[in-house]
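S.K.: return atomic coordinates for the entry below.
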Amino acid sequence: MKIIMSILLISLLIISGCGGKPIPADDSQATAEGIKQVVDANNQFAFDLYKELNQEGNAFFSPYSISSALAMTYEGAKGDTAKEIADVFHFPDNNILRPNFAAIYNNINEANKAYELKTGNALWVQQDYPFLQDYTSKVENYYGGKAVNVDFIKETEKSRQTINSFIEEQTNNKIKDLIPSGVLGPLTRLVLTNAIYFKGTWEWEFDKSDTREHDFKITPENTVKVPMMYMDPDKARLNYADMGNLQILELPYKGEKISMLILLPKQGKEYDYETHEIITYDYTLGDIELSSEKLDEYKSKMQETKMDSIYLPKFKFETKYFMKETLEQMGMPTAFKSGQADFSGMDGSNDLYIGNVIHQAYVKVDEKGTEAAAATAVVMELTAAMPTNIFRADHPFIFLIQEKGTGNILFMGKVVDPTAN
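M.R.: This next block holds a predicted model:
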């Protein structure tokens, strides 16, 4: 008689409250080119997923969190299952992926007095279940994931509460009850957690006294009132580009390593001083081309610019995605099929498969800076069966939070309605 077991893989990407000292990962074989390949893979997945999640309304997710979770899952995958995961996430060969993912992990954990940013991993394992030493060693060596024994069999609810409390603490109470009652059971064998923490303030903060109620055009026919932040950056020169159909602005956080990129479709009227004509722009989010290559092209056009004024809405919202069907449609169906998925690299059997992937996120942007949190749960089961340079974000826009040096996208989202929580 076949036994049913479940493995839950959870990854967290957060900005707001993380404790404990992360374990350094082995990046001794990392190279600048290898880091670029892994960053490009993460960024391309970000844009691929954004297109799949391009539903109406606000969107927000952490490509780094999801990629980190699936990279650890990928370590135990074989055959077609591994190939499909690698294709969806654009993973390079393991000899490139492992040390350079480790280098990104270690780079995030470098101390910086101007902001807080760190990431850490852990494996919550059934205390008497024989996972392959080769698998757990790779996760620890390259992802810093130290194994911690728990008892899912006799203390299922206690184990769930322990992990949920840990997650809640890591996300400063922003992600609560990530693992619902009934998800874990006596046959759960593994939970992997990845947490990343960031709290930063703008290099040039917005003055709260300048924030005013303004119109935000969700569509030409649908307008809402929002608290619009305003800045006249007298001394600042910010990276900016006008691409004709969109404006791109980079807002740095203190410390010079993290920044927010805003991609704003051009809308409204503008006077052409050469032709003496009024030009009308009516571009939307759908007119923005998104890919890792396109982002590099956009960024290459940006130059330090004296902005006349900047308008950006305050916003805060939460999202939650059940991603099984999305990832299947993106090209990795085998990983979700009992009897066909091959995760034998985890425990030597050929029966593990992914039951679902859940991603939950939170973001808050105000005059001082940014706070964000995200959690990814990958549930695995085993069946042994105006003036020229005005930037006015008063209509839907895309935003990215990135590491400036590598370009690695930590968070990505779009704002359609800043008033929706």
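
S.K.: next one: Gln161 from Lys368, what distance?
M.R.: 33 Å (CB to CB, to the nearest Å). All C-beta atoms are positioned from the backbone trio N, CA, C, and that covers glycine.

S.K.: does Glu318 touch Gln360 like I think?
M.R.: Yes - between Glu318 and Gln360 a contact is recorded at 7.3 Å, counting by CB atoms under 8 Å.

S.K.: higher neighbour count, these two?
M.R.: When Glu318 and Gln360 are compared for neighbours, Gln360 comes out ahead with 24 against 17, by other CB atoms under 10 Å.

S.K.: show me the contacts for the more buried one.
M.R.: 175, 178, 318-321, 374-376 (CB atoms under 8 Å, 6 or more residues apart in numbering).

S.K.: ranges for the strands of the stretch 251-400 of the chain?
M.R.: 258-265, 267-272, 277-282, 303-305, 309-313, 315-322, 352-365, 369-383, 390-392, 397-403 (DSSP state E, counting those that start in this stretch).

S.K.: quick one: closest of these to Ser165.
M.R.: For the strands of the stretch 251-400 of the chain, the distance to Ser165 is smallest for strand 369-383, at 13.4 Å, taking CB to CB.

S.K.: and the angle for the host helix or strand of Phe101 with strand 397-403?
M.R.: Under the criterion of DSSP states H and E, Phe101 resides in helix 94-108. Between helix 94-108 and strand 397-403, the angle comes out at 90 degrees (axes from the mean of the first three to the mean of the last three CA atoms, to 10 degrees).

S.K.: can you list the strands that the helix or strand just after helix 94-108 pairs with?
M.R.: Toward the C-terminal end, the helix or strand that comes next after helix 94-108 (DSSP H and E) is strand 116-126. Paired strands of strand 116-126, with direction, are strand 145-150 (parallel), strand 188-201 (antiparallel) (DSSP bridges).

S.K.: the ones you listed: lowest mean pLDDT?
M.R.: Mean pLDDT per stretch puts strand 188-201 lowest among the strands paired with strand 116-126, at a mean of 74.

S.K.: CA atoms only: put it into PDB for me.
M.R.: Below are the C-alpha coordinates for strand 188-201, written out as PDB (Å, rounded to 0.1, in the frame of the first residue of the first chain):
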ATOM      1  CA  THR A 188       4.800  16.100   6.100                       C
ATOM      2  CA  ARG A 189       8.500  15.500   5.900                       C
ATOM      3  CA  LEU A 190      10.200  18.800   4.900                       C
ATOM      4  CA  VAL A 191       9.700  22.600   5.100                       C
ATOM      5  CA  LEU A 192      12.300  24.900   3.600                       C
ATOM      6  CA  THR A 193      12.200  28.600   4.500                       C
ATOM      7  CA  ASN A 194      14.000  31.500   2.900                       C
ATOM      8  CA  ALA A 195      13.800  35.000   4.400                       C
ATOM      9  CA  ILE A 196      15.200  38.300   3.100                       C
ATOM     10  CA  TYR A 197      14.900  41.500   5.000                       C
ATOM     11  CA  PHE A 198      15.200  45.100   3.900                       C
ATOM     12  CA  LYS A 199      14.300  48.400   5.400                       C
ATOM     13  CA  GLY A 200      15.500  51.500   3.600                       C
ATOM     14  CA  THR A 201      14.700  55.200   3.400                       C
END
